[in-house]
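1. give me a 3D structure for the following:
(4 chains)
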Amino acid sequence: MKLLYFAWVRQKIGIAGEEFALPQDVSDVSGLVEVLAARGANYAGAFRDLGALRCAVNQTHSGFDMKITDNDEVAFFPPVTGG
Amino acid sequence: MKLLYFAWVRQKIGIAGEEFALPQDVSDVSGLVEVLAARGANYAGAFRDLGALRCAVNQTHSGFDMKITDNDEVAFFPPVTGG
Amino acid sequence: MSDIRIQKEDFDVSAEIAALSEGRIDIGAVASFTGKVRGDGDLMALHLEHYPAMTVREIETHIAEANARWPLMGVRVVHRVGRLQPGDNIVFVAAASAHRKDAFEAADFLMDYLKTRAPFWKFEERAGGDGDWVAARTSDDDSVKRWR
Amino acid sequence: MSDIRIQKEDFDVSAEIAALSEGRIDIGAVASFTGKVRGDGDLMALHLEHYPAMTVREIETHIAEANARWPLMGVRVVHRVGRLQPGDNIVFVAAASAHRKDAFEAADFLMDYLKTRAPFWKFEERAGGDGDWVAARTSDDDSVKRWR
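-> Predicted coordinates for the structure are as follows:
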């Protein structure tokens, strides 16, 4: 699957995105977050406060309970501040 | 005093404005309208339906009960349709 | 800077907005409105007439009222007069402020007051030479009541 | 005609509005909004980042929603990205309709949705080299709730 990070999520993790193999026992965004947060201090820092995070699955705003598969594009970012 | 007529008021009366000597016994716009309406069929036609008329005294929207003197500028016109 | 103009000539929206905000860095929002002549059946043109001695004075009152209600950093009003054809611009209003809500509301307010208070009248020239004065719309009167 | 553009370059408000209404005589009203970078203390610049694959798609959704709510005759959205300095334009939205209320409301609606849904993020570059990501404002969330 494709993961994308924007704004301070990108800065904390240190990369703008990556290819990632979704573990077979993970079926939603919350599960993905748990797996990612365990990958190191940079990920743990980015995913510490989920209330400050938003996500999009396949370019659509989604909740953390959204079901995902290994073919999806998931993006993590803070609340948007455009306009 | 100075009288001004706009839009169909001007067309019905046939002039855009005129100097007029306010009779001494007339003290408000309503009284002025009565005097003007008696001046001929064109004036009578213009002032037939006061509900369709608006007036301004010295370039300020006014009611027909506004007090006036012979030094004032009084304008008659239909409801505005700019913008 | 003159912020009210009554003219026969067309206006340039970019130039009006640029004049509002030129050299300033405190303006975050400019809301603008452009009114145009709509083609309607056999309408050939609108003839716009106004009461020159009253027009600017009346619009100045509306702008003062808008400034009292919202923290504005500039306002522009341009109203055309004379013969205007379908597709032509008629009126332009812009309001600048730090924040967008204030700019939007002030521009909306100014248009409502222009429509219902500023001394302009429109005559519709129809094909064949006849025509009629445009009647005031009750929807415009209803709209302006929102601000009371 | 592309009605959504994400670009580093500045935009020209007159050209955008002209493109909306060119050759048409059914448009009576164009409401537009221009958002600008406000100078604020030691702010040197804003850096605007976005999520390209999602941005246009998301804005298309907002425009479709606006078209479902109001009888619009055209919409333009231009959003700049990259490094922008105080006084620079950031965003432009315009909505065209037969009548002014529809144009005003649609432009207001589109700005609310751009602010709270479109995937843009602002980083404030401060004098001295440090900076911070702009936090979302609850007033923007409150504003968008008006349309529900």
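2. so where's the chain uncertain?
-> Since no chain was named, I'll use chain A. The model of chain A has no residue with pLDDT under 70.
3. actually, chain C is the one I wanted.
-> C:1-2.
4. please enumerate the strands of it.
-> Secondary structure of chain C (DSSP state E): strands at C:4-7, C:29-36, C:43-50, C:72-80, C:82-84, C:89-97, C:120-126, C:131-133.
5. these into a markdown table, with extra columns for mean neighbour count and distance to chain A?
-> In short, each C-beta sits where N, CA and C put it, glycine included. Below are these laid out as a markdown table (neighbours: other C-beta atoms under 10 Å in any protein chain shown; distance: least, C-beta to the nearest C-beta, whole Å):
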| stretch | mean neighbour count | distance to chain A |
| --- | --- | --- |
| strand C:4-7 | 16 | 30 |
| strand C:29-36 | 26 | 10 |
| strand C:43-50 | 19 | 36 |
| strand C:72-80 | 23 | 19 |
| strand C:82-84 | 16 | 34 |
| strand C:89-97 | 25 | 15 |
| strand C:120-126 | 20 | 34 |
| strand C:131-133 | 15 | 43 |
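6. which one of those strands lies nearest to A:K2?
-> Set against A:K2 and scored by C-beta to C-beta, the strands of chain C come closest in strand C:29-36, at 36.4 Å.
7. count of neighbours near A:A38?
-> For A:A38, the count of nearby residues is 10 (other C-beta atoms under 10 Å in any protein chain shown).
8. er, A:Q11 actually
-> Neighbour tally, A:Q11, other C-beta under 10 Å: 16.
9. what helix or strand is it located in?
-> Applying DSSP states H and E as the criterion places A:Q11 in helix A:7-13.
10. show me what that helix packs onto, helices and strands only.
-> helix A:41-46, strand A:73-77 (3 or more C-beta pairs under 8 Å, 6 or more residues apart in numbering or on different chains; DSSP states H and E).
11. right, is the last one up against chain D?
-> Going back to what we said before, that points to strand A:73-77. Yes. Residues of strand A:73-77 contacting chain D under C-beta under 8 Å from any C-beta of the partner chain: A:E73, A:A75, A:F77.
12. what's that strand in contact with?
-> Strand A:73-77 is contacted by residues A:1-7, A:9, A:29, A:32-33, A:46-47, A:53-59, A:68, D:51, D:53-54, D:119, D:121 when judged by C-beta atoms under 8 Å, 6 or more residues apart in numbering or on different chains.
13. from those, list just the buried residues.
-> A:1, A:3-7, A:9, A:29, A:32-33, A:46-47, A:53-59, A:68, D:51, D:54, D:119, D:121 (16 or more other C-beta atoms under 10 Å in any protein chain shown).
14. got a list of what the closest residue to C:D112 other than its chain neighbours touches?
-> Among residues not flanking C:D112 along the chain, C:V144 sits closest, at 4.3 Å (C-beta to C-beta, 6 or more residues apart in numbering or on different chains). Residues near C:V144 by C-beta under 8 Å, 6+ apart: C:D112, C:Y113, C:K115, C:T116, C:R117.
15. same deal with C:N67?
-> Applying C-beta under 8 Å, 6+ apart, we find C:N67 in contact with C:V75.
16. roughly how far does it sit from C:E60?
-> Separation of C:N67 from C:E60 (C-beta to C-beta, to the nearest Å) stands at 10 Å.
17. over to C:V75?
-> Taking C-beta to C-beta, one finds C:V75 at 10 Å from C:E60.
18. hmm, who's touching the longest helix seen in chain A?
-> Longest helix in chain A, counting residues (DSSP state H): helix A:29-37. Contact partners of helix A:29-37, identified using C-beta under 8 Å, 6+ apart, comprise A:3, A:20, A:22-23, A:25-26, A:43-44, A:46-48, A:50, A:55, A:57, A:62-66, A:68, A:74, A:76.
19. and C:I59, what does it touch?
-> For C:I59, the contact set (C-beta under 8 Å, 6+ apart) comprises C:I4, C:V77, C:H79, C:L114, C:A118.
20. chain neighbours aside, what residue packs nearest to it?
-> Going by C-beta to C-beta, 6+ apart, C:I59 has C:I4 as its nearest residue, at 5.1 Å.
21. my guess is that neighbour meets C:H62, correct?
-> No. With contact defined as C-beta atoms under 8 Å, C:I4 does not count as touching C:H62 (9.6 Å).
22. and chain C, which of its residues are near chain B?
-> Counting by C-beta under 8 Å from any C-beta, chain C sits next to chain B at C:35, C:48-51, C:53-54, C:57-58, C:79, C:90-91, C:111, C:114-123, C:133-136, C:140.
23. number of nearby residues for whichever residue of chain A sits closest to chain C?
-> Residue of chain A nearest chain C, by C-beta to the nearest C-beta: A:G83 (7.9 Å). By other C-beta under 10 Å, 23 other residues sit near A:G83.
24. tell me who's in contact with it.
-> Taking C-beta under 8 Å, 6+ apart as the test, what A:G83 contacts is C:R100, D:G35, D:H79, D:I90, D:V91, D:M111, D:L114, D:K115, D:A118, D:F120, D:D140.
25. any idea how far it is from D:V91?
-> For A:G83 relative to D:V91 (C-beta to C-beta), the value is 5 Å.
26. shared neighbours, those two?
-> With C-beta under 8 Å, 6+ apart as the test, A:G83 and D:V91 both reach D:G35, D:H79, D:M111, D:L114.
27. wait, the last one touches A:T81, no?
-> No. In terms of C-beta under 8 Å, D:L114 does not count as a neighbour of A:T81; the distance is 10.7 Å.
28. whichever residue of chain A sits closest to chain D: what secondary structure?
-> Going by C-beta to the nearest C-beta, chain D is nearest to A:G82 of chain A, at 2.6 Å. Three-state call for A:G82 (DSSP: H, G, I helix; E, B strand; the rest coil): coil.
29. give me the nearest residue to it, chain neighbours excluded.
-> Among residues not flanking A:G82 along the chain, D:F120 sits closest, at 2.6 Å (C-beta to C-beta, 6+ apart).
30. what about C:A68, how many neighbours?
-> 8.
31. residues from chain A in reach of chain D?
-> Within reach of chain D by C-beta under 8 Å from any C-beta, chain A has these residues: A:4, A:6-8, A:56, A:59-61, A:73, A:75, A:77-83.
32. and if we set it to 10 Å?
-> Within chain A, the positions lying close to chain D (C-beta under 10 Å from any C-beta of the partner chain) are A:2, A:4, A:6-11, A:16, A:52, A:54, A:56, A:58-61, A:73, A:75, A:77-83.
33. show me the beta-bridge partners of C:K36.
-> C:N89 (DSSP bridges).
34. verify the stated contact: it with C:V91.
-> Yes. Counting by C-beta atoms under 10 Å, C:K36 does reach C:V91; the two are 8.7 Å apart.
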